[in-house]
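Chemist: here are the coordinates; sequence isn't available:
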C-alpha cells in the first residue's frame, strides 16, 4: 500500500501502478449512476482512460430504483467557507468570494465496471441487474 494525495491519481494511474479503483456510493440510481464524495467522478473518468477497472460498493440501502438516473439526484451545496476559511488559520480567499461547493458528484454508469453489493456483483446493464437484487 502507498498513500498519495487525491490529485496524484492520474500520475500513478499513468505509471501503471493501479490495478483497480474501488469507491463507496452514497446513492445509486436505477441505471447505475452513483453519487459519492466529490472527486469520485474524476477518478472514474481517469480509470477508464487508463483502462483500469472502476468499482463502486453500493449497499442495497443506497440503491434507489425509483430514481431513473443520476440527473434526478439532488446534490447538496455546502457553505463556501469550507473551501477557503473553515480549515485555515487565515482565510485563503477574500471574504465574499463566490464559491461552488457541492458535497457529491455523480459518476455516470458508463465509467463503472461493476457495482459490488452485499448480495453480489452487478455488471452492465445495471437497470436489469440492480432490479434483480430486490426480487
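Modeler: Cool, the structure landed. Predicted model only: the values in this text are computed from it and were never measured. Numbering: from 1, shown residues only.
Chemist: contacts for stretch 66-77 next, please.
Modeler: Stretch 66-77 has contacts (Cβ atoms under 8 Å, 6 or more residues apart in numbering) with 27, 29-31, 33-35, 100-109. Using the backbone N, CA and C atoms, a C-beta is placed for each residue, glycine as well.
Chemist: can you rerun that using 6 Å?
Modeler: With Cβ atoms under 6 Å, 6 or more residues apart in numbering as the test, stretch 66-77 has contacts from 27, 29, 30, 31, 33, 35, 102, 103, 104, 106.
Chemist: partner residues bridging the closest residue to the first one other than its chain neighbours?
Modeler: Yep, that's residue 27 we're talking about. Counting by Cβ to Cβ, 6 or more residues apart in numbering, residue 27 lies nearest to residue 35, which is 4.5 Å off, once chain neighbours are set aside. Taking DSSP bridges, one obtains residue 27, residue 106 as the residues bridged to residue 35.
Chemist: which ones are touching residue 35?
Modeler: Neighbours of residue 35 in contact, by Cβ under 6 Å, 6+ apart: 26, 27, 73, 104, 106.
Chemist: rerun at 7 Å
Modeler: 26, 27, 70, 73, 104, 106 (Cβ atoms under 7 Å, 6 or more residues apart in numbering).
Chemist: cool, and residue 13?
Modeler: With contacts defined as Cβ under 7 Å, 6+ apart, residue 13 is in contact with 46, 47, 50, 52.
Chemist: repeat the analysis, applying 8 Å as the threshold.
Modeler: Shown in contact with residue 13 (Cβ under 8 Å, 6+ apart): 46, 47, 49, 50, 52.
Chemist: again, but for residue 41
Modeler: So residue 41 contacts 105, 106, 107, 108, 111 (Cβ under 8 Å, 6+ apart).
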